[in-house]
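A.B. asks: have a look at this prediction, sequence included:
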Amino acid sequence: MRVIRVGTRKSQLARIQTDSVVAMLRALYPGLQFEIVAMSTTGDKILDTALSKIGEKSLFTKELEHALEKNEVDLIVHSLKDLPTVLPPGFTVGAICKRENPYDAVVFHPKFVGKTLETLPERSIVGTSSLRRVAQLQRRYPHLEFKSIRGNLNTRLRKLDEQQEFSAIVLAVAGLQRMGWQNRVGQGALGVEVRAKDQDILDLVSVLHDPETLLRCIAERAFLRHLEGGCSVPVAVHTVVKDGQLYLTGGVWSLDGSDSMQETMQATIHIPAQHEDGPEDDPQLVGITARNIPRGAQLAAENLGISLAALLLNKGAKNILDVARQLNDAH
């Protein structure tokens with residue numbers, strides 16, 4: 001029986017996410033055997049520094065991609081938010097699974113259960129490793145203070161519950177749901193990375209593409225790539241599909257949230273109910289290969305992302321982001 005090796009990070013959430021993808025593949029390909037290969041990444045090892053300060057774009061992917069390059073694994077399951085919008089040569093995202101809830105959740109220290117961010121005491125400390133979350137929350141809740149918190153979900157929740165430092169922490173709803181911790185409530189989409197020239201594995205995983213999630217992610221990643229948004233700047237993007245329209249909202253913030261800019265654009269987009277014939281020549285858009293989704297829909301999504309980024313840049317977003325980068329580098 002042929003063995004397909006699936007790479008993943010070692011954290012419990014990463015394993016749960018990978019197990020869910022492998023379960024889908026096992027159901028589709030009962031004649032294949034799937035073996036999970038777990039490893040630690042740079043981002044898992046450096047836990048005493050804020051993500052935005054490390055200055056490495058492939059924090060949670062580099063070691064896994066190295067194994068993919070050496071044929072030690074055949075595919076990798078990632079939270080799509082961990083994958084840079086520009087992938088190293090030779091790699092592509094061969095599948096984007098149906099997105100879970102993309103929203104953020106606030107989890108409170110047991111002594112503040114029943115509170116909201118608005119009613120937390122003055123100068124309460126809220127933990128998050130995301131500059132985007134800090135900028136958005138600081139703008140709305142100036143009475144709060146924010147501090148970086150690192151580690152996997154288990155570690156961060158333990159720091160919240162067992163130490164007195166944090167009054168609350170901000171986490172992704174999708175992660176909490178996948179761990180079965182709904183009572184405490186990348187984002188939300190999982191991507192499968194493969195070797196770009198490995199047609200066999202590309203065909204194998206392409207059946208996992210969820211057409212709507214795929215097109216939303218192409219628009220979002222095109223927006224982030226054109227803005228050069230990453231962990232070191234507060235940039236946000238969100239998509240909604242309604243009545244054949246793809247609505248894309250993007251925003252940029254200063255580090256303290258005092259300055260911001262936000263716009264929404266829309267495009268008419270055909271989202272196939274099931275897989276259809278797409279491009280034959282495996283062209284990548286923002287690092288994603290999807291031969292079973294119509295090319296026109298993919299290009300419309302990419303153009304929407306680029307157009308929204310261009311609109312924000314024309315309105316002065318570059319100045320906000322440049323200042324945010326400089327201040328982040330200086331601290």
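C.D. replies: Yep, it's here.
A.B. asks: please enumerate the helices of the chain.
C.D. replies: Using DSSP state H, the helices found in the chain span residues 12-28, 42-45, 51-54, 62-69, 131-140, 153-162, 173-178, 199-206, 211-227, 295-314, 317-330.
A.B. asks: got CSV for those, with distance to residue 285, mean neighbour count and mean pLDDT too?
C.D. replies: No exception for glycine: its C-beta is placed from N, CA and C like everyone else's. Converted to CSV, these look like this (distance: least, C-beta to C-beta, whole Å; neighbours: other C-beta atoms under 10 Å; pLDDT from 0 to 100):
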stretch, distance to residue 285, mean neighbour count, mean pLDDT
helix 12-28, 21, 17, 94
helix 42-45, 26, 16, 72
helix 51-54, 26, 17, 61
helix 62-69, 19, 19, 92
helix 131-140, 24, 20, 92
helix 153-162, 31, 16, 91
helix 173-178, 23, 20, 89
helix 199-206, 14, 18, 95
helix 211-227, 6, 25, 95
helix 295-314, 5, 19, 96
helix 317-330, 22, 16, 87
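A.B. asks: for residue 105, which of the ones you listed is the nearest?
C.D. replies: Residue 105 lies closest to helix 173-178 among those, at 4.7 Å (C-beta to C-beta).
A.B. asks: which elements pack onto the closest one?
C.D. replies: helix 12-28, strand 104-108 (3 or more C-beta pairs under 8 Å, 6 or more residues apart in numbering; DSSP states H and E).
A.B. asks: distance of the closest residue to residue 15 other than its chain neighbours relative to residue 19?
C.D. replies: Closest residue to residue 15 apart from its sequence neighbours, by C-beta to C-beta, 6 or more residues apart in numbering: residue 8 at 6.2 Å. Distance, residue 8 to residue 19, by C-beta to C-beta, to the nearest Å: 9 Å.
A.B. asks: quickly list what's touching both of these two.
C.D. replies: Here residue 8 and residue 19 have residue 36 as joint contacts, going by C-beta atoms under 8 Å, 6 or more residues apart in numbering.
A.B. asks: for the helices and strands packed on helix 173-178, which one sits closest to residue 2?
C.D. replies: Closest to residue 2 of the helices and strands packed on helix 173-178, according to C-beta to C-beta: helix 12-28, at 12.3 Å.
A.B. asks: from the contact counts, what lies against that closest one?
C.D. replies: For helix 12-28, the elements it packs on are strand 3-9, strand 33-39, strand 75-79, helix 153-162, helix 173-178, strand 190-195, judged by 3+ C-beta pairs under 8 Å, 6+ apart.
A.B. asks: contacting residues for the residue nearest to residue 15?
C.D. replies: Applying C-beta under 8 Å, 6+ apart to residue 8 gives the contacts 14, 15, 17, 18, 36, 37, 38, 39, 64, 76, 77.
A.B. asks: ok, now with 7 Å
C.D. replies: With contact set as C-beta atoms under 7 Å, 6 or more residues apart in numbering, residue 8 has these partners: 14, 15, 18, 36, 38, 76, 77.
A.B. asks: then residue 194?
C.D. replies: 75, 92, 94, 201, 202, 205.
A.B. asks: go through these and name the one nearest residue 221.
C.D. replies: For those, the closest approach to residue 221 (C-beta to C-beta) belongs to residue 92, at 12.6 Å.
A.B. asks: my read is that that closest one contacts residue 290, right?
C.D. replies: No: contact status for residue 92 versus residue 290: not in contact, 9.6 Å apart, counting by C-beta atoms under 7 Å.
A.B. asks: looking at these two, which is more packed in?
C.D. replies: Using other C-beta atoms under 10 Å, the more surrounded residue of residue 92 and residue 290 is residue 290, with 28 against 21.
A.B. asks: any idea how far the more buried one is from residue 65?
C.D. replies: 20 Å.
A.B. asks: just residue 71 next, same as before
C.D. replies: Taking C-beta to C-beta as the measure, residue 71 falls 12 Å from residue 65.
A.B. asks: next: residue 172.
C.D. replies: Distance from residue 172 to residue 65, by C-beta to C-beta: 23 Å.
A.B. asks: same question, residue 118
C.D. replies: From residue 118 across to residue 65, the span is 42 Å (C-beta to C-beta).
A.B. asks: ok, now residue 42?
C.D. replies: Relative to residue 65, residue 42 is positioned 12 Å away (criterion: C-beta to C-beta).
A.B. asks: any chance of the helices and strands packed on helix 173-178 in TSV, plus distance to residue 3?
C.D. replies: Below are those laid out as TSV (distance: least, C-beta to C-beta, whole Å):
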stretch	distance to residue 3
helix 12-28	12
strand 104-108	38
